[in-house]
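[1] Whatever this is, show me its structure:
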Amino acid sequence: KVAVSFPANWWRDLDMSAISIDQLGEVQTWWEACSGDDGDGSRATLAGFVTAKGASGLGKFAKDKPDELFDHILGAIMKVYSVDKKKLGFDETTCSNAEISGSPGEDGLIVSKGGITVSYKSWKEDPYVKPQRQESSSFFQTSYGDRKLQQNVGPLFFAGCEVAYGSGHMDSAIVSAERAYEAADAHLGKTK
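    From the prediction side, this is the model:
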């Protein structure tokens, strides 16, 4: 996942939608995470989902050359939205050195330069959601999620990534929805 915070909401200033699809880039979907206006976050921020293949490429930048990750992500935004650094609010006078903190797998990598901040989180490297192949299974499992949330409360059933113990974020939503559907269907069959 990537988030990029800007000094101002340039896409609204240009009457553009923040939602964008890039079928060729590492970040295939961009959207407005915060407008930076009227209490909606402190800074205008775009967020994006990184593809599995994209995560491998961005991971190399993040590990070895975080300042190049910053430039690469900004380049992707400039390409998909057809804007230049100046429109993004990039301040050339404050960009001599990038401020870098964190790590991609733990708390996320944060790179700030020229008034813009790129945050990169690699779920593939997060120790709490990193998939582990089970010897007895061809499926990946994680220790993420809470088994207790799989229990219904009367006719109330829960689904979501926090519920599907052993899967992981996107897949877990599907796994838990299927489980909740089957449990609700069985519950309704008993009450008919």
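
[2] Low-confidence stretches in the protein?
    For the chain, applying pLDDT under 70 flags the ranges 95, 124, 126-147, 162, 164-172, 191-192.

[3] ok, which stretches of it are strands?
    2-6, 20-21, 27-34, 44-50, 99-103, 108-113, 116-120, 132-133, 140-141 (DSSP state E).

[4] Columns distance to residue 163 on top of the ones you listed, output as TSV?
    Bear in mind the C-beta positions are built from the backbone N, C-alpha and C, glycine included. Compiled in TSV, the strands of the chain are given as follows (distance: least, CB to CB, whole Å):
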stretch	distance to residue 163
strand 2-6	25
strand 20-21	29
strand 27-34	24
strand 44-50	21
strand 99-103	28
strand 108-113	24
strand 116-120	27
strand 132-133	19
strand 140-141	15
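
[5] who wins for proximity to residue 93 among the ones you listed?
    In terms of CB to CB, the element of the strands of the chain nearest to residue 93 is strand 108-113, at 11.6 Å.

[6] Parallel or antiparallel, which strands does that closest one pair with?
    As defined by DSSP bridges, the strand partners of strand 108-113 come to strand 99-103 (antiparallel), strand 116-120 (antiparallel).

[7] export these to CSV and tack on mean neighbour count and distance to residue 93?
    Shown next, in CSV, are these (neighbours: other CB atoms under 10 Å; distance: least, CB to CB, whole Å):
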stretch, mean neighbour count, distance to residue 93
strand 99-103, 14, 15
strand 116-120, 22, 13
